[in-house]
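K.L.:
I would like to see how this sequence folds:
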Amino acid sequence: MPAVQSGVTYPRDTTPPPGLPAGWKAIERAYTANSSSFGQTYIRYQSADGKHKCISSVFKAVELHAKETGHDPKKAVERLKEDLKREKVAREREKGQGEDREAAVETFRKRYGGLEATTCAKFEGWTYKTSFLEVSGQTQVLYVSETQDVFGTLKQVEAALGYRMMDGQNLDKLVADARAAARETWGDQVDSKQFNPLRRTSDGLSLQEAVNSGELAVSQLRRVQVHEMESHSAEMARRVVKDADYEPSDLVLGELPKPLNDERKVLKELTKNKLLDAAALAATVTKIYTNLKTQHFKKVRLVLVASRKPIADDSISKGLLGVYYADSSRMESVHGKPFYTKISLHSDSDKMFCTGLYLFWGKTAEAWKVAKSIDDASAGLLVDKGDLKMLQPKSSPRAKVLTEACFHRLQKRGKKRRRSRSTSGAVKTEESEPGKDG
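P.N.:
As a prediction, this is how the structure comes out:
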């Protein structure tokens with residue numbers, strides 16, 4: 001299930017899935033705090049006139065719509081199943097799969113012969129990615145079509161192109177142009193079965209040889225394309241986040257000791273750690289804990305991200321401050337450790353809402369991370385290599401925060417693919433209220 005997004009108000013309209021009757025809406029809702037799926041979303045469907053609400057499946061929506069419009073509900077559902085089956089078959093063919101795969105491969109080879117890796121790499125609109133698999137010592141090449149379909153083998157590509165031919169497409173120009181471009185780039189190597197330039201560095205070493213010789217580190221070859229266009233290399237550089245992209249912060253984070261329903265004792269603990277706004281924090285912690293227990297959460301842990309010094313309102317650190325919670329269903333969810341969701345209270349009530357930030361253990365970084373998604377490969381907005389024990393008053397903060405420069409760099413890249421969720425360097429965690437159903 002998708003996670004609740006920061007800055008989004010739920011419920012909200014979303015893209016209708018294939019087969020949903022005309023006029024019907026697909027509505028994305030968020031689970032409430034009393035659900036074990038709190039922090040995630042789900043989809044329900046609603047008729048144009050509002051008569052039918054919270055319908056859980058497209059098939060049920062089709063059935064109800066057919067009844068309302070005087071059609072046979074059973075036949076309407078069967079037609080949808082047939083349409084979806086045809087779409088599935090078409091999608092499989094695009095990916096070089098399906099029952100007629102061998103016939104499609106034979107169709108391609110009969111006209112063009114076996115497909116060379118270098119030719120595949122030069123198809124108009126296509127690209128490829130090469131990576132070194134450390135455990136097996138092998139090199140993997142993935143071919144990406146103009147429609148962004150990914151193929152792991154040349155036979156899969158042959159099948160996909162063979163299906164196009166079976167549908168009446170003429171690929172003579174596509175194949176001829178690609179073979180000419182491959183020969184121009186790699187010369188006679190395009191015909192060699194033992195020497196695949198896609199699996200080698202620019203000076204001819206295999207990736208295994210490059211690693212063994214010390215020319216390249218394994219870390220440099222994970223999920224990185226070896227032969228890249230200059231613009232794509234620059235794009236990859238913008239995506240990589242290194243240790244130098246983090247800076248020391250004044251943030252302190254740690255799990256709060258119980259009892260958490262006693263505001264006076266919580267305040268004593270926060271004051272002992274010399275945290276700013278200790279009184280307000282204690283009140284918030286107690287209300288959140290009480291609300292969660294009232295809604296029958298059996299086991300609750302709260303982690304606090306706070307500071308001992310004032311923090312600028314437009315900084316990344318400002319958006320990370322607050323309370324993060326985990327319940328009994330999340331205690332060993334990520335690499336055997338709990339993950340926490342940032343949770344807050346509305347300013348004019350005690351109603352809780354989540355903000356789309358998560359605290360979890362990053363196995364690769366070997367650190368606790370705060371990020372917008374629970375993904376080990378994602379760049380954490382904050383990293384802390386501690387053990388989530390609240391620091392003692394004399395201990396220095398150990399958490400590091402993503403620099404403003406790196407944040408803006410990643411944000412700029414994100415704008416190319418999706419609407420930006422923030423317009424400044426601050427991590428904006430606007431109120432995202434869970435839906436009323438769930």
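
K.L.:
I figured residue 253 was touching residue 304, is that so?
P.N.:
Yes: the criterion here is C-beta atoms under 8 Å, and residue 253 meets it with residue 304 at 6.7 Å. Just so you know, the C-beta spots here come from the backbone N, C-alpha and C atoms, and that holds for glycine as well.

K.L.:
higher neighbour count, the two?
P.N.:
residue 253 (26 against 22; other C-beta atoms under 10 Å).

K.L.:
confirm that one sits in a strand?
P.N.:
Yes: residue state for residue 253 (DSSP: H, G, I helix; E, B strand; the rest coil) corresponds to a strand.

K.L.:
ok, now which ones touch it?
P.N.:
Residue 253 makes contact with 303-306, 359, 368, 382, 384, 386, 388, 399, according to C-beta atoms under 8 Å, 6 or more residues apart in numbering.

K.L.:
strands of the stretch 151-300 of the chain, start to end?
P.N.:
For the stretch 151-300 of the chain, the strands identified by DSSP state E, counting those that start in this stretch occupy 246-248, 251-255, 300-307, in order along the chain.

K.L.:
any chance of these in JSON lines, plus mean pLDDT?
P.N.:
As requested, the strands of the stretch 151-300 of the chain are arranged in JSON lines below (pLDDT from 0 to 100):
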{"stretch": "strand 246-248", "mean pLDDT": "89"}
{"stretch": "strand 251-255", "mean pLDDT": "88"}
{"stretch": "strand 300-307", "mean pLDDT": "91"}
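
K.L.:
mind checking how far the nearest residue to residue 127 once chain neighbours are set aside is from residue 116?
P.N.:
The spatially closest residue to residue 127, leaving aside those adjacent along the chain, is residue 144, at 4.9 Å (C-beta to C-beta, 6 or more residues apart in numbering). According to C-beta to C-beta, to the nearest Å, residue 144 stands 17 Å off from residue 116.

K.L.:
kindly report the same for residue 4.
P.N.:
Separation of residue 4 from residue 116 (C-beta to C-beta): 47 Å.

K.L.:
check contacts around the residue nearest to residue 127.
P.N.:
Contacts of residue 144 by C-beta under 8 Å, 6+ apart are 126-129, 150-151.

K.L.:
wait, residue 262 sits on residue 289?
P.N.:
No: judged on C-beta under 8 Å, residue 262 makes no contact with residue 289 at a distance of 9.7 Å.

K.L.:
more neighbours: which of the two?
P.N.:
Counting neighbours by other C-beta under 10 Å for residue 262 and for residue 289 shows that residue 289 has the greater number, 24 against 13.

K.L.:
name the nearest residue to the more buried one, sequence neighbours excluded.
P.N.:
The shortest distance from residue 289 to any non-neighbouring residue, by C-beta to C-beta, 6+ apart, is to residue 260 (4.0 Å).

K.L.:
let's verify residue 119: helix, strand, or coil?
P.N.:
On the three-state scheme (three-state DSSP), residue 119 is labelled helix.

K.L.:
which ones are touching residue 399?
P.N.:
When contacts are counted by C-beta under 8 Å, 6+ apart, residue 399 touches 249, 251-253, 305, 382-384, 386.

K.L.:
neighbour-wise, which of those residues leads?
P.N.:
Each of the contacts of residue 399 was scored by neighbours using other C-beta under 10 Å; the highest score is residue 253's, at 26 neighbours.

K.L.:
now residue 50: how far from residue 324?
P.N.:
38 Å.

K.L.:
which one of the two is surrounded by more residues?
P.N.:
Relative neighbour count places residue 324 above the other of residue 50 and residue 324, with 25 against 8, counting by other C-beta under 10 Å.

K.L.:
looking at the protein, which residue lies furthest from center?
P.N.:
Farthest-out residue of the chain from its mean C-alpha position, per C-alpha atoms, centre = their mean: residue 70, at 43.0 Å.

K.L.:
packing partners of the helix or strand where residue 62 lies?
P.N.:
Taking DSSP states H and E as the definition, residue 62 sits inside helix 58-68. Helices and strands touching helix 58-68, by 3 or more C-beta pairs under 8 Å, 6 or more residues apart in numbering; DSSP states H and E, are strand 41-46, helix 73-94.

K.L.:
before I go, just wanted to say thanks for your time.
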